[in-house]
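Chemist: need coordinates for the below:
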Amino acid sequence: MERENEIAKVTLAGSIVNLMLVGLKVVAGIAGHSAAMVSDAVHSLSDFVTDIVVLVFVRISARPQDEDHDYGHGKFETLATLLIGLALVAAALGIVVGGAVKLVHWLQGETLPAPRLLALWAALVSIVAKELLYHYTRFKGRKLESKALEANAWHHRSDALSSVGAAIGIGGAIGLGQRWTVLDPLASIIVGAMLLKVA
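Modeler: Prediction:
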């Protein structure tokens with residue numbers, strides 16, 4: 001039971017960080033006119049959901065064997081790992097579609113709003129927070145021999161990578177001027193493609 005409590009503590013810490021990042025990214029994405037940052041917020045929301053999945057399934061997997069489960073409930077942790085992968089795929093597809101829609105609008109002559117500096121700062125904060133969370137969760141996952149925690153660590157890393165892509169797109173759109181605002185939705189498409197690979 002001590003192992004499960006440790007896994008729960010690590011996951012709970014991650015979920016708190018993820019929830020704060022969702023709020024920051026939604027505000028920065030909307031106020032900062034950034035499709036890439038809104039996409040990144042969706043990814044952080046999927047991180048929060050998978051944290052909840054890990055918390056639930058680790059509790060179930062800790063149960064001892066019973067009449068229906070001769071070897072205990074340990075395989076439920078494997079199921080949690082699968083669900084995390086599926087959540088990553090869903091988030092990635094949503095991000096790619098959102099970016100593609102904005103790209104099509106741009107190709108049809110629509111002027112995309114230039115993102116603001118607020119969106120760039122939110123991306124940079126996210127990169128640092130998620131990379132630290134990745135290292136912490138991966139370390140604990142290996143120490144506790146938890147595949148679900150290790151999968152969740154990679155979900156944190158994918159969010160850090162997502163924020164790197166968003167920061168590049170947002171920074172390019174801000175720094176290069178109005179003609180380059182297309183870099184913001186392009187960044188969100190690249191972020192989604194990276195997420196599919198991680199998934």
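Chemist: who touches the closest residue to I95 other than its chain neighbours in this structure?
Modeler: Spatial nearest neighbour of I95, excluding adjacent residues (Cβ to Cβ, 6 or more residues apart in numbering): G192 at 3.5 Å. For the C-beta atoms, the positions are set from N, CA and C on the backbone; glycine is no exception. Applying Cβ atoms under 8 Å, 6 or more residues apart in numbering to G192 gives the contacts S39, A91, A92, L93, G94, I95, V96, G99.
Chemist: pLDDT value on P64, please?
Modeler: Listed pLDDT for P64 reads 57.
Chemist: run through the residues that contact the residue nearest to A166 when sequence neighbours are not counted.
Modeler: Ranked by Cβ to Cβ, 6+ apart and with sequence neighbours excluded, the top spatial neighbour of A166 is A36, at 4.0 Å. Taking Cβ under 8 Å, 6+ apart, we find A36 in contact with 29, 99, 115, 119, 123, 165-166, 169-170, 184-185, 187-188, 191.
Chemist: quick one: low-confidence ranges for this structure?
Modeler: Filtered on pLDDT under 70, the chain yields the residue ranges 1, 58, 60-78, 80-81, 198.
Chemist: can I get the contacts of A36 in CSV including secondary structure, distance to L83 and neighbour count?
Modeler: Compiled in CSV, the contacts of A36 are given as follows (DSSP: H, G, I helix; E, B strand; the rest coil; distance: Cβ to Cβ, whole Å; neighbours: other Cβ atoms under 10 Å):
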residue, secondary structure, distance to L83, neighbour count
G29, helix, 26, 25
G99, helix, 25, 25
P115, coil, 33, 28
A119, helix, 30, 30
A123, helix, 27, 30
G165, helix, 24, 24
A166, helix, 25, 36
G169, helix, 29, 33
I170, helix, 31, 36
D184, helix, 31, 33
P185, helix, 29, 25
A187, helix, 27, 30
S188, helix, 24, 33
V191, helix, 21, 28
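Chemist: thanks a lot, see you next time.
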